[in-house]
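J.: model the structure of this input:
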Amino acid sequence: MLRVLIHPAYRRLFLAQIVALSGTGLATVALGLLAYQLDPGNAGGVLGTALAVKMVAYVFVAPLAAAAVVRLPRRAVMVGADLVRLVVAASLPFVGQVWQVYALIFVMQAASATFTPTFQSVIPDILPEEEDYTSALSLSRLAYDLEAVLSPMLAAALLLVVPSTALFFGTAIGFAGSAALVVSTVIPLRDTPGDGAPEMPFGQRARHGIVLFLQTPGLRPVLALNLVVAAAGAFVLVQTVVIARSTFGQGGAVVALLLAANGAGSMSAAIALPRVLRRWSERWVMIGGAVLLTLATAMIPVALSAPTSTAGLVAIAGLWILVGIGWAAVETPVGRLIRRGVESRDLAAAFAAQFSLSHACWLVTYPVAGWLGGISLSGTALALAGVAGSATLLAAWLWQRTPVGERGKVGS
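T.: I've put the predicted structure just below:
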């Protein structure tokens, strides 16, 4: 898998991704501390609203940004987005009102919604071999999982010597490093229609990626699979702290260990996927991952009713590992389907649509997991398992209806 790093352009972009993710991880910790500093009595509400603002930016800005920058050089787009994020991160230590936090978070995440799909559309162009591209998708997944584990540790170490607001300057440094690495990378020009071709109106360009997903039979199952991931993942991310502390009476260290178990499952799957996808098609890998997510979520009530805390925690950790494996198995191959399902010139629009549509699912399942979880954890797990199972069946049905030629195109 690491062999793909011999490509200089990809190596620089991968390092840019790691540096930016490190900065983002520091910002996540710093934002929670800033929320408490500004409103100690409602820090959870402030942080929850900030995260909702983030999701709204992801859902609505990504397709609009893709339409707005379609004629611009992709390197300039990514560097510009990094610089916007840098300025916002450097401004956050100086805010004094909660509304200022919301405004700056929206701007930062709007820039991320511009950067990420553009970054994703570049990788297939610099890695034309499918095996290399698959390795790049797995490395990207590993980078996200490692960030979730290592960034809080880095933040904790920095907080021993600097105030919490200084973490935002670490975030700014991360975005500066990302911009510098992107500037030094040779990125192919977009594959665009000839100068004589008519240009789509802005509104049509903004809808273009979503229309591609709806009109391309081989991509429709991805829409349902996004909901599977969001249903299972939302329960893990929202309710792990409740399960560890309220259900089993444990401390914060156990919360971290359970989330680490989820990350370990995801990382193990990401490492194995390049080999697995050489033997099995994306269809079977992704449907298998969706089934695993559904079953693991449905088994949560059994783990919660374990006779002892130790048995319950071991069972939950095992289920969280399975959720991580299924999560990576469903999400990681999506880039391969998009790459084969659309023309090169439409990659940016398609990746922006996937970015927007997948986060739209999270925008629904996050509050469902939170609100229903306050009534019944077991009932919430079963409800979300039902959603995941229904979406899995829909994805399988959509793939079954995919024309034979289109199935071959997307590797099913």
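J.: and the helix or strand hosting V222, what's buried?
T.: Using DSSP states H and E, the element containing V222 is helix 220-242. For helix 220-242, a neighbour-count test (16 or more other C-beta atoms under 10 Å) marks 220-240 as buried. For glycine as for every other residue, the C-beta is placed from the backbone atoms N, C-alpha and C.
J.: and for M153, the neighbour number?
T.: Summarising burial for M153: neighbours were counted as other C-beta atoms under 10 Å, giving 11.
J.: the helix or strand containing it: which residues count as buried?
T.: Assigning secondary structure by DSSP H and E places M153 in helix 130-158. When neighbours are counted by 16+ other C-beta under 10 Å, the buried residues of helix 130-158 are found to be 132-149, 151-152, 154-155, 158.
J.: which other helices and strands does the host helix or strand of S121 contact?
T.: Using DSSP H and E, the element containing S121 is helix 98-126. Packed against helix 98-126, as judged by 3 or more C-beta pairs under 8 Å, 6 or more residues apart in numbering; DSSP states H and E, are the following elements: helix 8-38, helix 43-68, helix 74-91, helix 130-158, helix 334-341, helix 347-373.
J.: any chance of those helices in JSON lines, plus mean pLDDT?
T.: Formatted as JSON lines, the entries for the helices and strands packed on helix 98-126 read as follows, by pLDDT from 0 to 100:
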{"stretch": "helix 8-38", "mean pLDDT": "87"}
{"stretch": "helix 43-68", "mean pLDDT": "83"}
{"stretch": "helix 74-91", "mean pLDDT": "95"}
{"stretch": "helix 130-158", "mean pLDDT": "84"}
{"stretch": "helix 334-341", "mean pLDDT": "89"}
{"stretch": "helix 347-373", "mean pLDDT": "88"}
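J.: nearest approach to S268 belongs to which of those?
T.: Evaluated over these, closeness to S268 peaks at helix 130-158, with 9.7 Å, by C-beta to C-beta.
J.: beyond that closest one, next helix or strand please.
T.: helix 167-183.
J.: list the contacts of that following helix.
T.: In this structure, residues lying in contact with helix 167-183 by C-beta atoms under 8 Å, 6 or more residues apart in numbering are 12-13, 15-17, 19-24, 26-27, 29-30, 33, 75, 78-79, 82-83, 85-87, 89-90, 92-93, 155, 158-159.
J.: A315 and A306 touch, don't they?
T.: Yes. In this structure, A315 sits in contact with A306. The criterion is C-beta atoms under 8 Å, and the distance is 5.7 Å.
J.: for the stretch 201-350 of the chain, what spans make up the helices?
T.: Taking DSSP state H, counting those that start in this stretch as the test, the helices found in the stretch 201-350 of the chain are 202-215, 220-242, 252-279, 282-298, 300-304, 309-331, 334-341, 347-373.
J.: to Q97, which of those helices lies closest?
T.: In this view, the helices of the stretch 201-350 of the chain are compared for proximity to Q97 by C-beta to C-beta, and helix 347-373 is the closest at 25.0 Å.
J.: can you name every helix or strand that the helix or strand just after that closest one contacts?
T.: Sequence order places helix 377-400 as the next helix or strand after helix 347-373, per DSSP H and E. Judged by 3+ C-beta pairs under 8 Å, 6+ apart, the packing partners of helix 377-400 are helix 220-242, helix 282-298, helix 300-304, helix 347-373.
J.: buried residues in the longest one?
T.: If you call a residue buried by 16+ other C-beta under 10 Å, then helix 347-373 has these buried ones: 347-363, 365-366, 368-370, 372-373.
J.: and if you look at stretch 336-346?
T.: Taking 16+ other C-beta under 10 Å as the basis for neighbour counts, the residues of stretch 336-346 that come out buried are 336-342, 346.
J.: pull the most distant pair out of the residues you listed.
T.: Pairwise across the buried residues of stretch 336-346, and taking C-beta to C-beta, the largest span is found between R336 and D346, at 15.5 Å.
J.: domain map for the protein?
T.: Per the record, the chain has its domains at 1-185, 204-412, by automatic domain parsing.
J.: re earlier: and the contacts of helix 167-183, which of them are buried?
T.: Buried by 16+ other C-beta under 10 Å: 12-13, 15-17, 19-24, 26-27, 29-30, 33, 75, 78-79, 82, 85-86, 89-90, 92-93, 155, 158, out of those.
J.: who touches stretch 348-359?
T.: Counting by C-beta under 8 Å, 6+ apart, stretch 348-359 makes contact with 55, 58-60, 62-63, 65-67, 70, 74, 113, 116-118, 120-121, 190, 205, 208-210, 212-213, 219, 222-223, 226, 229-230, 334-335, 338, 341-342, all of which sit outside it.
J.: circling back to that earlier point, out of the helices and strands packed on helix 377-400, the one nearest L319 is which?
T.: Closest to L319 of those is helix 282-298 (C-beta to C-beta; 4.8 Å).
J.: relative to helix 98-126, how tilted is the helix holding M153?
T.: Between helix 130-158 and helix 98-126, the angle formed by their directions is 150 degrees, by axes from the mean of the first three to the mean of the last three C-alpha atoms, to 10 degrees.
J.: helix 130-158: how far from the chain's middle?
T.: Here the centre of helix 130-158 is set off from its chain's centre by 11 Å, with C-alpha atoms, centre = their mean, to the nearest Å.
J.: try stretch 105-112
T.: Taking the mean C-alpha point of stretch 105-112 and that of its whole chain, the gap between them comes to 15 Å (C-alpha atoms, centre = their mean).
J.: now do it, average pLDDT.
T.: Stretch 105-112 shows an average pLDDT of 93 in the prediction.
J.: can I get it in CSV, CA atoms only?
T.: Provided in CSV are the C-alpha atoms of stretch 105-112 (Å, rounded to 0.1, in the frame of the first residue of the first chain):
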residue,chain,number,x,y,z
ILE,A,105,-16.9,28.1,11.9
PHE,A,106,-19.2,28.4,9.0
VAL,A,107,-16.5,30.2,6.9
MET,A,108,-13.9,27.6,7.9
GLN,A,109,-16.1,24.7,7.0
ALA,A,110,-17.2,26.3,3.8
ALA,A,111,-13.5,26.5,2.8
SER,A,112,-13.2,22.8,3.8
